[in-house]
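>>> Just to be clear, the model below is a prediction. Sequence and coordinates:
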Amino acid sequence: MDIKKFIKLAIEASYNAYAPYSNFQVGAAVETESGRIYTGSNIENASYSATICAERVAISKAISEGYEKIKTLIVYGKYENEQEAGDVFPCGICRQFVSEFASDDLKILIASSEDNYKIFTLNELMPHSFSSVSAYK
Ligand code: THU
């Protein structure tokens, strides 16, 4: 998919964020290995630790539809009412969650607009990650 359109989906997903506590709206979009696209936004909770990040929502949508590997992940975030978006990197829990479902060549795009993004590999964001290979030999 065209990168600009793909980032736009993540930006649009951020508008659906349920973030009354932080006012920080995050949107994510993932592309599965078979080319399906899923989006997600962060969903907060009065019991803060029950909050789910946008990345995990998008990936959960994909996995629950039967798609197991993610080849692209886009993350976009900004404070409500702010003009400028900055770089928003996945939190540690999301990095672990992503690593479970990442294709070998997963690209993670950190986008601050349709035209501005940086691309990372999972290994750059999460070297020496914990996996079933390290856990169960
Ligand atoms: N958040 C995400 O959705 N993704 C991240 O990777 C970082 C944090 C959300 C969680 C919470 O709703 C808000 O941003 C502020 O932490």
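Structure received. Residues are numbered from 1 along each chain as shown.
>>> got the residue ranges for the strands in this protein?
Listed in chain order, the strands of the chain (DSSP state E) span 24-32, 37-41, 70-79, 102-111, 117-121.
>>> Could you dump those into JSON lines with mean pLDDT added?
Listed next are the strands of the chain as JSON lines, based on pLDDT from 0 to 100:
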{"stretch": "strand 24-32", "mean pLDDT": "98"}
{"stretch": "strand 37-41", "mean pLDDT": "98"}
{"stretch": "strand 70-79", "mean pLDDT": "96"}
{"stretch": "strand 102-111", "mean pLDDT": "97"}
{"stretch": "strand 117-121", "mean pLDDT": "98"}
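>>> ranges for the helices of this protein?
Counting by DSSP state H, the chain has helices at residues 3-14, 54-64, 92-101, 122-125, 132-135.
>>> Just give me the residue right at the centre of the protein.
When C-alpha atoms, centre = their mean is applied to the chain, the residue found nearest the centroid is Glu55 (2.9 Å).
>>> To the ligand, which of the strands of the chain lies closest?
Proximity to the ligand (C-beta to the nearest ligand atom) singles out strand 24-32 among the strands of the chain, at 3.4 Å. No exception for glycine: its C-beta is placed from N, CA and C like everyone else's.
>>> Each with direction, which strands does the closest one pair with?
strand 37-41 (antiparallel), strand 70-79 (antiparallel) (DSSP bridges).
>>> roughly how far is the last one from the heart of the chain?
When you say that, I think you mean strand 70-79. Its chain's C-alpha centre and that of strand 70-79 lie 4 Å apart, by C-alpha atoms, centre = their mean, to the nearest Å.
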